[in-house]
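Chemist: with the sequence up front, the predicted model follows.
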Amino acid sequence: MKRIVAVALLVGVAGAALTARQQNVPFQGGIPVAPTGLAGKPLPRMPVEFDTGEGMRIKVSAVATGLGYPFSIAFLPDNVMLVTTREGEMRVIRNGVLEPQPLAGLPKGQFAGTSGLPGAVHGYMDVVLHPQFAQNKYVYLSYTKTNDGPRSVVAVARGTWDGKTIVGMKDIFATDPGAAGVARLAFDRTNHFYLTTGGGGAQDVNSQQGKVLRLMDDGTVPKDNPFAGRADAKPQIFTMGHRNSLGLAMNPTTGEMWQNENGPNGGDEINVLVAGKNYGWPKVSYGRNYQGPWQTEVPGHIGFEPPLVYWVPAIAVSGMSFYTGSKLPKWKGDVFVGSMRTGEIPGTGHVERVLFNEKFEELRRERLLDELRQRVRDIRMGPDELLYVLTDEKPGSVLRIEPAAPAAATK
C-alpha cells in the first residue's frame, strides 16, 4: 500500500512539473505576442544562389531596395516597372534603376501602423494593367481611401500611362464603409476586374465585406453578376465567405480566377472562384483561432466550397503567380505564392511553389528563399519570364529569381 501511495505521489509530482513547464504566452488584443528571435534580419549581400528541389539552381538578386513596404508590381513596355508601397507611393524602376521620387498627382493613400502588426492599414495596394493596355494605356490602382477604423474604405482608381507618368487618375469605384482590408485586383479574359475585400460581414449578401467583387473595366456592375438585380444583395458580389484575401490571379489555362486568403492560426487557402459560391468563412475553417481552440467545432468545409490547397500551420499567404515561361523550365506551369510568416513566428517568410497535375490536383510543394528571413508580400512573373519577389519590410526590396549560371568546368 505504501509503495502504491509513493508511486502515486511521484506521478502527481511529475504531472505538476510538466504543467509548470508549460509556458504562459503573453497576449495583446487577443493575439499571442510573437517572438522576435528570427525577425528583423537584413538581406544578405546580393546576389545569392540556392539549390532547389527540382534540381535547378537559382540566383536571387536585388533589383531595387529601400522601399517602404512594397506591395505589388506591374510591368510596362520599354523596361519599366511600377511598384506600389503601403506608405502610399507609386515608384518607378526604369531600365533597372529606381527613380528617386515617387510619381506625383496620384490619389492620397491612407497608411497607419507597422507592417505585420494587427490593425495596420494598407495604403497603396495592387497595381494592374488593363488587358488591352497596348491600345488604351490604362493603369489601375487599389488603395485605402479613408482610414477611420471600422468605417475604412478602399477604392479603385484608373489613369493613363503617357510613357513617363500616370495622368488623369481618378476613382472609378469605392467600397461601402467597412469593406476595407487588403484589396487585390486582377482582370479576366473578358476585361472584367475582380476586387477582394475584408471585414466581418462575409456571410451577408447585403454587405461587401469578406467578398470578391466583379466589375466592368469602368467600375460599373456587370449585368450577369450572380447577385445583380436582387434587392437584398450587393450587385458587385461574385463570391462570398472570405476572410482576408491576399492573392488573386487568373489561371491562364482555364481562365478561372484563383484567390488565396489568410486563415487565423492555420487554414490559409487557395480557392478557385465560382460565381455565387460561398467559401465558408467564418462558419468553416481548417484553422484555429489565436487563443488555441479550433475556429469551428468540426474543422473542414462541409456544406461550403472547399479550398484547392490549404496550409496548417498558416504561412500568412500573400500574392500569387502562375509561371508560364521557359527561363525556369523545371517550374513551368507551377503556382507561386508568398509567405509573410510561418506558424506565427516572424522571420519565417518565404516563397512556396505548388506543382499541379493536368487536372490541377496538387502533387507537391516546395519552400524557397527561407534563408532570406523576409516577409514576402507578392510574387509576379515578368515579361522576361523571370520571377520578381516583393519583400514586405522597411526597407523593402524587389528581388529577381533567375537561373544560376552553370559552374565553370574544371580541367
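Modeler: Yes, it's here.

Chemist: and residue 330, helix, strand or coil?
Modeler: Three-state call for residue 330 (DSSP: H, G, I helix; E, B strand; the rest coil): helix.

Chemist: can you pull the contacts of it?
Modeler: 52, 54-56 (Cβ atoms under 8 Å, 6 or more residues apart in numbering). In short, each C-beta sits where N, CA and C put it, glycine included.

Chemist: per-residue pLDDT, it?
Modeler: Note on residue 330: pLDDT of 97.

Chemist: ditto for residue 110
Modeler: pLDDT for residue 110: 84.

Chemist: which strand or helix spans it?
Modeler: Per DSSP states H and E, residue 110 falls between elements, in no helix or strand.

Chemist: related to what we said a few turns ago, most surrounded residue in the contacts of residue 330?
Modeler: Ranked by neighbour count (other Cβ atoms under 10 Å), the contacts of residue 330 have residue 52 at the top, with 16 neighbours.

Chemist: and that residue, how close does it get to residue 366?
Modeler: 7 Å (Cβ to Cβ, to the nearest Å).

Chemist: same thing with residue 383?
Modeler: Residue 383 sits 25 Å away from residue 366, going by Cβ to Cβ.

Chemist: which one of those two has more residues nearby?
Modeler: Taking other Cβ under 10 Å, residue 383 and residue 366 do not tie; residue 366 has more neighbours (16 against 11).

Chemist: assign the more buried one to helix, strand or coil.
Modeler: Three-state assignment for residue 366 (three-state DSSP): strand.

Chemist: could you check the pLDDT of it?
Modeler: 98.

Chemist: for the spatially most central residue of the chain, what are its contacts?
Modeler: By Cα atoms, centre = their mean, the mean C-alpha position of the chain lies nearest to residue 318, the distance being 1.9 Å. For residue 318, the contacting residues are 246-247, 260, 262, 337-340, 376-378, 392, by Cβ under 8 Å, 6+ apart.

Chemist: residues of the helix or strand hosting it that come out buried?
Modeler: Secondary structure assignment for residue 318, by DSSP H and E: strand 317-322. When burial is assessed from 16 or more other Cβ atoms under 10 Å, strand 317-322 yields the following buried residues: 317-322.

Chemist: which stretches of the stretch 201-350 of the chain form strands?
Modeler: 211-215, 237-240, 244-250, 257-262, 268-272, 309-311, 317-322, 335-339, 350-356 (DSSP state E, counting those that start in this stretch).

Chemist: contact partners of the shortest one?
Modeler: Put plainly, it is strand 309-311. Contacting residues not belonging to strand 309-311 are listed as 263, 266-270, 286, 317, 354, 362, 365 [Cβ under 8 Å, 6+ apart].

Chemist: which ones are touching the nearest residue to residue 152 once chain neighbours are set aside?
Modeler: Computed as Cβ to Cβ, 6 or more residues apart in numbering, the closest residue to residue 152 that is not its neighbour in sequence is residue 180, at 3.5 Å. When contacts are counted by Cβ under 8 Å, 6+ apart, residue 180 touches 121-122, 144, 152-154, 197-199.

Chemist: likewise residue 299?
Modeler: Neighbour list for residue 299: 267, 284-287 [criterion: Cβ under 8 Å, 6+ apart].

Chemist: follow-up on the earlier one: nearest to residue 326 among the contacts of strand 309-311?
Modeler: For the contacts of strand 309-311, the closest approach to residue 326 (Cβ to Cβ) belongs to residue 354, at 19.2 Å.

Chemist: so how far is residue 336 from the closest one?
Modeler: 8 Å.

Chemist: more neighbours: the two, which one.
Modeler: Neighbours were counted for residue 354 and for residue 336 using other Cβ under 10 Å; residue 336 has more, 25 against 18.
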